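Trainee: what follows is a predicted protein model with its sequence.
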Amino acid sequence: MSESRRDTLPYLYDRAEVESELQSAMERTRFAPVVVAVVLVAAVFAGVAPVAASAQPSASVGDYTVTRGETVSISVGHSGPANLTITGGGFELLVGFGGSGTSTVELDTYRSDQKASAFVSGGAPDMMGPPLDEALQPGEYVLEVTIDEETEAYGTLTILPNGEMTSQTGALPGDYFEGDGGGNGLGAVQTHAEIGRGNDNVVVGDYAAFVVDENDSGIGAPFDRDASVDDLQGEGFEMRVEELDPEPNTNEETYTAEDVRVAANFGGDDGQFAVLWDTSGIDLGAGSNHTYGFELAVDETKNPLFSENQTLLTERVTLVDPSVSIGVEPGSTLAPWDDNQLRVHGETNLLPGTALNVRALKEPPEPHLWQDDASVTQNGSFTATLEFTDASRPTEFPLWVRNYESQTRHTVRLTAASASLLFPAQTVSNGSVTVERVTLSRGGFLRLTANNSTVGTAGPLPQMTNGSVDVALNASLDTPTNVTATAIVDADGDGVLDDADPAYENGSSPVADTALVKPAAPATTTAPENNTTTAQTATRTTERTLAVSDEEPLAPVANNGGSSGGFVPLSPVTTLVAVAAALLLAARRGPDRL
């Protein structure tokens, strides 16, 4: 067997002795040297007891980083009984472990000013020096693992300094805790930065909220997520709200921990808590701007993170009365053509999300309640819509926002409008037709339509009752045509008939009437020749009459009976006398004159 091969075997043996035994066996058994040799070697190896190699101790530990005041979990691996030593800045802690395996040590850096068993769990902790006055200071600490007094592993523990706390103001609805708020209220707090109205106002009746962000300050270290006022006081935190601008001849009011409540959510990188101050009992009198300051301080004797008493944070808010105002569209008076719908828009300083109830109430003998819920938006506005289709007209009733009636009361008036007309069958005269018995309670227009086209309009017309209106046609009618006359209201009041102007209605039907309108008859004329012939005939007749008698006709005799005058007929006696006189006159002249 080669020297190198034997060096790799996991057993210890005497080399010379094995070679001697092998040589003797071969001499005694000449005819089977190989077999005997193999057997002897196997026997030698089987008969020589192996010597176990001694096990080397081993250990492991990592590097850890934690913010001052937090708890760190350190894992230590060890092949046998071991010790973990944590040293740095005058601090030395020894933690012993029995047996082998992996052990875990929980180190609370907040409670490290107490005895070892109060801030270390896992293993057997022992302080190697006097207790600390405060929590472990920021810095780097050495982690050393030893077995049988020999160092087997190193690691580091880095403790970071505390961050700076920050704060901001906000508000929580005053009725939040009256129902099932679904939590301690912290999630429902609205900061003024979130509201975004550019002020720090809190409406009287809501909770003024002073929100403190932990920011790795370590203040949440001793708490399990939530915390009460008593919990915070137990760790040395003091809370106070003070009136900064009291009214003349009055002392400033101060509100302490007994007058507030706390909502908290510690843990993680965004731990925070809010001090909530109920303002419902504050009376806003005159002579003050109603500004209040909040102060968070700490008593260093109760909190190991601080070495002296100090004020940590200050904030201020201004209390104001609730304000709600509304406007209505299209107006407080609704005509029938306004679709029976009233749109209410409002402004308020109440918190976004606040529910408001807009209502209108008609009293007996026909009671009816109309209402709509509205929610305050981020910018402080809200809207609601009331539908008055089922209301009888004319009528009026109040409208307001519930709980804010004195600021928002309006009177709603629902008016009625009536119209009627009569459009008889007729013939166009002078390019117009006449609509009779026209009644328009709001004035307006008349529109004439035929074959879906407008053929004439009249207006704007004043309010009238049983009037008669001539409507000029803007198109000629060649044949008798059915024409419809419709009463139109000037809904937008611009004095112009347009698409915004609806028809008056009777029930749900427009006020209208249809008539058969005939075109005007053609005009008749007399030929000039006929007039000339007549005049000439009259002239010749006059001439023949004058030729029969040279005597002038008798002058007309006035009629005392009052007529307009003319020729008077002769009586029979007078006629005979006249004939006799004529014969005598003829006899005197002789026959040759006849």
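Mentor: That came through fine. Residues are numbered from 1 along each chain as shown.
Trainee: the stretch 51-200 of the chain: strands as residue ranges?
Mentor: Assigned by DSSP state E, counting those that start in this stretch, the stretch 51-200 of the chain shows strands spanning 59-61, 64-67, 71-78, 82-88, 91-97, 101-108, 120-121, 124-127, 139-147, 150-160, 166-172, 190-191.
Trainee: got a markdown table for those strands, with distance to D216 too?
Mentor: (C-beta placed from N, C-alpha, C; glycine too.) Compiled in a markdown table, those are given as follows (distance: least, C-beta to C-beta, whole Å):
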| stretch | distance to D216 |
| --- | --- |
| strand 59-61 | 25 |
| strand 64-67 | 5 |
| strand 71-78 | 14 |
| strand 82-88 | 21 |
| strand 91-97 | 21 |
| strand 101-108 | 16 |
| strand 120-121 | 23 |
| strand 124-127 | 26 |
| strand 139-147 | 16 |
| strand 150-160 | 8 |
| strand 166-172 | 11 |
| strand 190-191 | 20 |
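Trainee: now mean neighbour count and mean pLDDT too, for those strands, in CSV please.
Mentor: Formatted as CSV, these follow (neighbours: other C-beta atoms under 10 Å; pLDDT from 0 to 100):
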stretch, mean neighbour count, mean pLDDT
strand 59-61, 20, 97
strand 64-67, 16, 96
strand 71-78, 18, 97
strand 82-88, 21, 97
strand 91-97, 19, 97
strand 101-108, 16, 97
strand 120-121, 18, 97
strand 124-127, 16, 96
strand 139-147, 18, 98
strand 150-160, 17, 97
strand 166-172, 21, 97
strand 190-191, 17, 97
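Trainee: which one, of those strands, ends up nearest to G179?
Mentor: Proximity to G179 (C-beta to C-beta) singles out strand 166-172 among these, at 13.3 Å.
Trainee: partner strands of the closest one and their direction?
Mentor: Strand 166-172 has the following strand partners under DSSP bridges: strand 190-191 (antiparallel), strand 207-213 (antiparallel).
Trainee: so what touches the shortest one?
Mentor: Pointing back at strand 190-191 there. Residues from elsewhere that reach strand 190-191 (C-beta atoms under 8 Å, 6 or more residues apart in numbering): 168-172, 209, 211, 351-353.
Trainee: on that earlier part again, which of the strands paired with strand 166-172 is buried the deepest?
Mentor: Stretch with highest mean neighbour count among these: strand 207-213 (a mean of 25; mean count of other C-beta atoms under 10 Å).
Trainee: need the next SSE after that one, C-terminal direction.
Mentor: Heading C-terminal from strand 207-213, the first helix or strand you meet, by DSSP states H and E, is helix 229-234.
Trainee: from the contact counts, what lies against that following helix?
Mentor: Other helices and strands packing on helix 229-234, by 3 or more C-beta pairs under 8 Å, 6 or more residues apart in numbering; DSSP states H and E, are strand 260-265.
Trainee: the strand it packs on pairs with which strands, and in what direction?
Mentor: Assessed with DSSP bridges, strand 260-265 is paired to strand 272-278 (antiparallel).
Trainee: give me the mean pLDDT for the partner strand.
Mentor: For strand 272-278, the mean pLDDT works out to 97.
Trainee: and it, how far from the chain's centre?
Mentor: In terms of C-alpha atoms, centre = their mean, to the nearest Å, the centre of strand 272-278 is set 26 Å apart from its chain centre.
Trainee: can you check stretch 185-205 too?
Mentor: Stretch 185-205 sits 16 Å away from the centroid of its parent chain (C-alpha atoms, centre = their mean).
Trainee: so for that stretch, what gets flagged as buried?
Mentor: 185-186, 188-192, 195, 200-205 (16 or more other C-beta atoms under 10 Å).
Trainee: do a quick rundown of the helices in this protein.
Mentor: For the chain, helices defined by DSSP state H occupy the ranges 3-8, 15-28, 33-47, 116-119, 192-195, 229-234, 405-408, 528-548, 572-589.
Trainee: give me the contact list for the fourth one.
Mentor: With C-beta under 8 Å, 6+ apart as the test, helix 116-119 has contacts from 93, 107-112, 125-127.
Trainee: okay, which residue is most central for this structure?
Mentor: T377 (4.1 Å; C-alpha atoms, centre = their mean).
Trainee: how about the contacts made by that one?
Mentor: P352.
Trainee: ditto for E238
Mentor: Contact analysis of E238 by C-beta under 8 Å, 6+ apart lists 257, 295-299.
Trainee: so where's this protein uncertain?
Mentor: 1-54, 181, 268-269, 523-594 (pLDDT under 70).
Trainee: repeat that for 80
Mentor: Scanning the chain for pLDDT under 80 picks out 1-55, 179-182, 267-270, 522-594.
Trainee: domain parsing for it?
Mentor: Following automatic domain parsing, one finds the domains of the chain at 3-47, 59-160, 166-320, 324-414, 419-518.
Trainee: phi and psi next, for the spatially closest residue to G220 that is not a sequence neighbour.
Mentor: Sequence neighbours aside, F266 is the residue nearest to G220 in space, at 3.1 Å (criterion: C-beta to C-beta, 6 or more residues apart in numbering). F266 adopts backbone torsions of phi -90, psi 170, taken as degrees, to the nearest 10.
Trainee: which ones are touching F266?
Mentor: Contacts of F266 by C-beta under 8 Å, 6+ apart are 214, 220, 223-227, 272-273.
Trainee: report the two of these separated the most.
Mentor: Using C-beta to C-beta, the two most remote members of the contacts of F266 are D224 and Q272, lying 15.0 Å apart.
Trainee: buried residues in stretch 265-276?
Mentor: 265-266, 271-276.
Trainee: also stretch 242-256?
Mentor: For stretch 242-256, the neighbour count (16+ other C-beta under 10 Å) marks 243, 255 as buried.
Trainee: dump the C-alpha coordinates for it into CSV.
Mentor: Output of stretch 242-256 as CSV, limited to C-alpha atoms (Å, rounded to 0.1, in the frame of the first residue of the first chain):
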residue,chain,number,x,y,z
GLU,A,242,-55.5,76.0,25.6
GLU,A,243,-57.5,79.1,24.5
LEU,A,244,-55.1,81.6,22.9
ASP,A,245,-57.4,84.5,22.5
PRO,A,246,-59.9,84.7,25.4
GLU,A,247,-62.8,87.2,25.4
PRO,A,248,-62.2,90.4,27.3
ASN,A,249,-62.4,90.0,31.1
THR,A,250,-62.3,86.3,30.9
ASN,A,251,-59.6,83.7,31.7
GLU,A,252,-58.3,81.4,29.0
GLU,A,253,-59.8,77.9,29.1
THR,A,254,-57.5,74.9,29.3
TYR,A,255,-58.3,71.4,28.4
THR,A,256,-56.1,68.5,29.5
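Trainee: ok, residues contacting it?
Mentor: The set of residues external to stretch 242-256 that reach it, using C-beta under 8 Å, 6+ apart, is 239-241, 277, 285-293, 295, 316.
Trainee: quick check: the farthest pair among those?
Mentor: M239 and A286 (29.2 Å).
Trainee: ok, these two, which is more surrounded?
Mentor: Shown here are M239 and A286; by other C-beta atoms under 10 Å, M239 has more neighbours (23 against 6).
Trainee: against V358, how distant is the more buried one?
Mentor: Look at M239 and V358: by C-beta to C-beta, to the nearest Å, they are 39 Å apart.
Trainee: and D230, by the same measure?
Mentor: For D230, the distance to V358 - C-beta to C-beta - is 43 Å.
Trainee: now P246
Mentor: According to C-beta to C-beta, P246 and V358 sit 38 Å apart.
Trainee: what does N289 give?
Mentor: As judged by C-beta to C-beta, N289 and V358 stand 32 Å apart.
Trainee: who's more crowded, the two?
Mentor: Neighbours were counted for N289 and for V358 using other C-beta under 10 Å; V358 has more, 24 against 10.
Trainee: that one bridge partners, please.
Mentor: With DSSP bridges as the criterion, V358 is bridged to D372, V401.
Trainee: kindly report the same for H410.
Mentor: Residues in a beta bridge with H410, per DSSP bridges, are L399.
Trainee: what sits against the closest residue to G205 other than its chain neighbours?
Mentor: What sits nearest to G205 in space, not counting adjacent residues and going by C-beta to C-beta, 6+ apart, is G174, at 4.3 Å. Neighbouring residues of G174 by C-beta under 8 Å, 6+ apart: 205-207, 278-280.
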